[in-house]
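Engineer: Model the structure of this input:
(chains A and B)
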Protein chains: 2
Amino acid sequence: MLTFKSAIERINQKIEEELKEVQTKEPAGLYSPIIYTLQRGGKRIRPVLALLTYNMYREDLEKVYPAALAIEIFHNFTLLHDDIMDDADIRRGEPTVHKRFNENAAILSGDAMSILAYQYLGNTPTNNLQGLLQLFNQTAMEICEGQQYDMEFEDRSDVTVEEYLTMIKLKTAVLLACSMKAGAMVAEAPAEDAQHLYDFGINLGLAFQLQDDLLDVYGDASVFGKKIGGDIIANKKTFLLLNALCLANSTQKEELERWINQPAPNREEKVTAVTQLYNELGVKELSQEKMEDYYEKAINHLNQVKLNDQLKSNLLLIAQKMMNRDS
Amino acid sequence: MLTFKSAIERINQKIEEELKEVQTKEPAGLYSPIIYTLQRGGKRIRPVLALLTYNMYREDLEKVYPAALAIEIFHNFTLLHDDIMDDADIRRGEPTVHKRFNENAAILSGDAMSILAYQYLGNTPTNNLQGLLQLFNQTAMEICEGQQYDMEFEDRSDVTVEEYLTMIKLKTAVLLACSMKAGAMVAEAPAEDAQHLYDFGINLGLAFQLQDDLLDVYGDASVFGKKIGGDIIANKKTFLLLNALCLANSTQKEELERWINQPAPNREEKVTAVTQLYNELGVKELSQEKMEDYYEKAINHLNQVKLNDQLKSNLLLIAQKMMNRDS
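Structural biologist: Down below sits the predicted model:
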């Protein structure tokens, strides 16, 4: 059985091999933004999850790489187009594609990247390509829906906590879930196992995103990798802010809204003041409880997968790592 | 057997039915630009070709609609994103999606539209989904390559006639070819027939695009639907212009380049002068010959399809219509 570390190595090696192939394609203007995007790495968590899930059932790993790579390529395509929509300058420490190249290149190479993902998916040796394609399509569409909600929430002042949870489920959790279900499907795992692995991924993804929101405010600046309080400065409607707005009394609500509406606040003052309000309102604890709740549900689904604990140890380890992180 | 007219009616009816389904989906902000795009119509030539090709082999038409609609939706997705890249204001007499909504909506709804196309494709009842998906993926990628070449040609002064023909093959011809091959594949037509129908589509597509270039200069303004000479004004590197640049003597080349480089020419004067040069150089005839050459090749491939002439009459009729048009 693969270790987590060897799974990452294999995925990275596979991607490198495939990029050599992509490098030979013409026109270079279409393919070089794709290579630029995929070479910059990232955690490769999704293809690793697909690989390790598959490996719980089978040892002939070659069969799962096409689907694993399809998911990673699709994920990077969504980041590329999201960066245009958010007009983001930097991704993984380097200029985003529309800054490094230009916006048309980012649109078109993004489109080509999503098609490339479908090309890999179509190369999966499986008797159930229709089922795999359906899962992938549904997930892909949900990610678009999640991005749409995320953009709409920026301009809305009445977003509910429930709506936020739906949005992060669509934008983040479904692709983690899809990675594991796809791995299980290619391995011809029992359908109930595949569904439990999917639900494991959904709940883990939700817990992961809540953790992300928490780290942004309560993380250790020296290891977090970006400035603490970015979400507060951007008035991002996170689980913390939405709950704070719900729980605040009129004085607290007034103060919170004053900070939100202030056009050019002092960064440090705003972060300190809003964090202070979060502390008063106990939204950190609320968020931790919700996160632990999702985590427990996730583990519960993993427990119901009909394999021995040894085989499930990799996924358990990843889940634990995702919850005990500083960045 | 369906007539051409009844095929269009059936496709339009199917699209209307499907749009009713799309209208129920949330978030509306994601789906309404898709509905807006698909409702505006267009000639629906690609799904009609898929339907009529299928109908040469089988009468149970329901089976081919998913693939036919996938192709039409994908085609409209490419127009939507192309319009952003070209910053076009109008499409089919209405504002383009990025003008009517906004650019982010156009990017994201375009992405969702391409996924919607794959959803339809995945619903095709076929024993050869892998083959169908491969055809679709290859075609989709080639369309991106064609668009990339088209954009690059704008900034290049050394585009060759051969490069231009490759570009229009990728940007236009392959999807017409794919429409017919997909129809044949879903009908489980013999592989050689499917390939001849594909090659029929490629050659017909090339002839069609050359006809398009000709109509832009030599069309009848009263029926053409847009102003004559649009390509000349935009310095579009068409078959006519590229051949003119090749064949011109030094005086003619100088005049042609003077018109190309003039920052704000009088429209009518430029169109008249460049058309005059085209006439002197005989590029109209050259273009007509090339077009007829492709058309002949197309018909040759259709002739090799192992069906009786009666069954092939619809495709022959469409080919003739596409060549004898004013707009």
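Engineer: show me what contacts residue A:284?
Structural biologist: Counting by Cβ atoms under 8 Å, 6 or more residues apart in numbering or on different chains, residue A:284 makes contact with A:214, A:217, A:218, A:240, A:278. Where you see a C-beta, it was placed from the backbone N, CA and C, and this is true even at glycine.
Engineer: Which members of the residues you listed are the farthest-apart pair?
Structural biologist: Using Cβ to Cβ, the contacts of residue A:284 span at most 10.1 Å, a distance reached by A:214 and A:278.
Engineer: so what sits against both of these two?
Structural biologist: What both residue A:214 and residue A:278 touch, as defined by Cβ under 8 Å, 6+ apart, is the set A:240, A:284.
Engineer: hmm, who's touching stretch A:218-231?
Structural biologist: With Cβ under 8 Å, 6+ apart, stretch A:218-231 has contacts from A:213, A:215-217, A:236, A:238, A:240-241, A:267, A:270-271, A:274-275, A:284, A:326-327.
Engineer: hang on, the earlier thing: wait, which of the contacts of residue A:284 is closest to chain B?
Structural biologist: Minimum distance to chain B across the contacts of residue A:284 is 23.4 Å, recorded for residue A:240 (Cβ to the nearest Cβ).
Engineer: that older thread, let me know the closest of the contacts of stretch A:218-231 to chain B.
Structural biologist: residue A:236 (17.1 Å).
Engineer: For burial, what's the neighbour tally of the closest one?
Structural biologist: Other residues near residue A:236 come to 15 when the count uses other Cβ atoms under 10 Å in any protein chain shown.
Engineer: what does residue A:257 give?
Structural biologist: Residue A:257 has 13 neighbouring residues, counting by other Cβ under 10 Å.
Engineer: end to end, how far does stretch A:240-260 reach?
Structural biologist: The first residue of stretch A:240-260 is 14 Å away from its last residue (Cα to Cα, to the nearest Å).
Engineer: cool, stretch A:156-163 as well?
Structural biologist: End-to-end distance of stretch A:156-163: 12 Å, with Cα to Cα as the criterion.
Engineer: Show me which of residue A:214 and residue A:278 is the more surrounded one.
Structural biologist: Higher neighbour count among residue A:214 and residue A:278: residue A:278, with 23 against 18, using other Cβ under 10 Å.
Engineer: what element comes up after the helix or strand hosting the more buried one heading to the C-terminus?
Structural biologist: Here residue A:278 sits within helix A:267-281, counting by DSSP states H and E. Helices and strands here follow DSSP H and E; after helix A:267-281, the next one along the chain is helix A:283-303.
Engineer: Output that following helix in PDB with nothing but the alpha carbons.
Structural biologist: What follows is helix A:283-303, C-alpha atoms only, in PDB (Å, rounded to 0.1, in the frame of the first residue of the first chain):
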ATOM      1  CA  VAL A 283     -18.100  32.800  17.300                       C
ATOM      2  CA  LYS A 284     -14.700  31.200  17.400                       C
ATOM      3  CA  GLU A 285     -16.100  28.500  19.600                       C
ATOM      4  CA  LEU A 286     -19.200  28.200  17.500                       C
ATOM      5  CA  SER A 287     -17.100  27.700  14.400                       C
ATOM      6  CA  GLN A 288     -14.900  25.100  16.200                       C
ATOM      7  CA  GLU A 289     -18.000  23.200  17.300                       C
ATOM      8  CA  LYS A 290     -19.400  23.200  13.800                       C
ATOM      9  CA  MET A 291     -16.100  22.100  12.400                       C
ATOM     10  CA  GLU A 292     -15.800  19.300  14.900                       C
ATOM     11  CA  ASP A 293     -19.300  18.300  14.100                       C
ATOM     12  CA  TYR A 294     -18.500  18.000  10.400                       C
ATOM     13  CA  TYR A 295     -15.300  16.200  11.200                       C
ATOM     14  CA  GLU A 296     -17.100  13.700  13.300                       C
ATOM     15  CA  LYS A 297     -19.600  13.100  10.500                       C
ATOM     16  CA  ALA A 298     -16.800  12.600   8.100                       C
ATOM     17  CA  ILE A 299     -15.100  10.000  10.300                       C
ATOM     18  CA  ASN A 300     -18.400   8.300  10.800                       C
ATOM     19  CA  HIS A 301     -18.800   7.800   7.000                       C
ATOM     20  CA  LEU A 302     -15.200   6.600   6.800                       C
ATOM     21  CA  ASN A 303     -15.900   4.100   9.500                       C
END
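Engineer: angle of it against helix A:267-281?
Structural biologist: 70 degrees (axes from the mean of the first three to the mean of the last three Cα atoms, to 10 degrees).
Engineer: buried stuff in helix A:283-303?
Structural biologist: A:283-284, A:286-287, A:290-291, A:294-295, A:297-299, A:301-302 (16 or more other Cβ atoms under 10 Å in any protein chain shown).
Engineer: which helix is the longest one in chain A?
Structural biologist: The single longest helix within chain A, with elements called by DSSP state H, is helix A:191-218.
Engineer: I'd like the distance from stretch A:233-244 to the chain centre, please.
Structural biologist: In terms of Cα atoms, centre = their mean, to the nearest Å, the centre of stretch A:233-244 is found 19 Å from the chain centre.
Engineer: repeat for stretch A:76-90
Structural biologist: Per Cα atoms, centre = their mean, the centroid offset for stretch A:76-90 relative to its chain is 14 Å.
Engineer: does chain B sit close to that stretch?
Structural biologist: Yes. If you take Cβ under 8 Å from any Cβ of the partner chain as the test, stretch A:76-90 does meet chain B, through A:81, A:84, A:85.
Engineer: show me the contacts for the second one.
Structural biologist: The reference is to residue A:84. By Cβ under 8 Å, 6+ apart, the contact list for residue A:84 reads A:96, A:97, A:98, A:103, A:106, A:107, A:110, B:107.
Engineer: 10 Å - rerun?
Structural biologist: Contacts for residue A:84 (Cβ atoms under 10 Å, 6 or more residues apart in numbering or on different chains) come out as A:96-99, A:103, A:106-107, A:110, B:84, B:103-104, B:107-108.
Engineer: Now render the contacts of residue A:284 as TSV, adding pLDDT.
Structural biologist: Listed next are these as TSV, based on pLDDT from 0 to 100:
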residue	pLDDT
A:214	95
A:217	95
A:218	94
A:240	98
A:278	98
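Engineer: Tell me where the model's unsure across chain A.
Structural biologist: Scanning chain A for pLDDT under 70 picks out the ranges A:224-225, A:327.
Engineer: tell me the contacts of the residue located most distally from the centre of chain A?
Structural biologist: Most distant from the centre of chain A: residue A:251, at 36.1 Å, with distances by Cα atoms, centre = their mean. With contacts taken as Cβ under 10 Å, 6+ apart, residue A:251 has no neighbouring residues.
Engineer: what's the answer for residue A:72, then?
Structural biologist: Neighbours of residue A:72 in contact, by Cβ under 10 Å, 6+ apart: A:11, A:14-15, A:38, A:42, A:44-48, A:50, A:117, A:120, A:175, A:179.
Engineer: Max pairwise distance over these: which two?
Structural biologist: Within the contacts of residue A:72, two members stand farthest from each other by Cβ to Cβ: A:14 and A:175, at 18.6 Å.
Engineer: Looking at those two, which is more packed in?
Structural biologist: Set side by side, residue A:14 and residue A:175 show more neighbours around residue A:175, with 25 against 20, by other Cβ under 10 Å.
Engineer: Can the one helix or strand that one maps to be said to contact chain B?
Structural biologist: Using DSSP H and E, residue A:175 maps to helix A:174-186. No. Helix A:174-186 lies apart from chain B when judged by Cβ under 10 Å from any Cβ of the partner chain; the minimum separation is 13.0 Å.
Engineer: For that helix, enumerate the helices and strands it packs against.
Structural biologist: The contact analysis (3 or more Cβ pairs under 10 Å, 6 or more residues apart in numbering or on different chains; DSSP states H and E) places helix A:174-186 against helix A:45-57, helix A:65-85, helix A:129-154, helix A:191-218, helix A:309-323.
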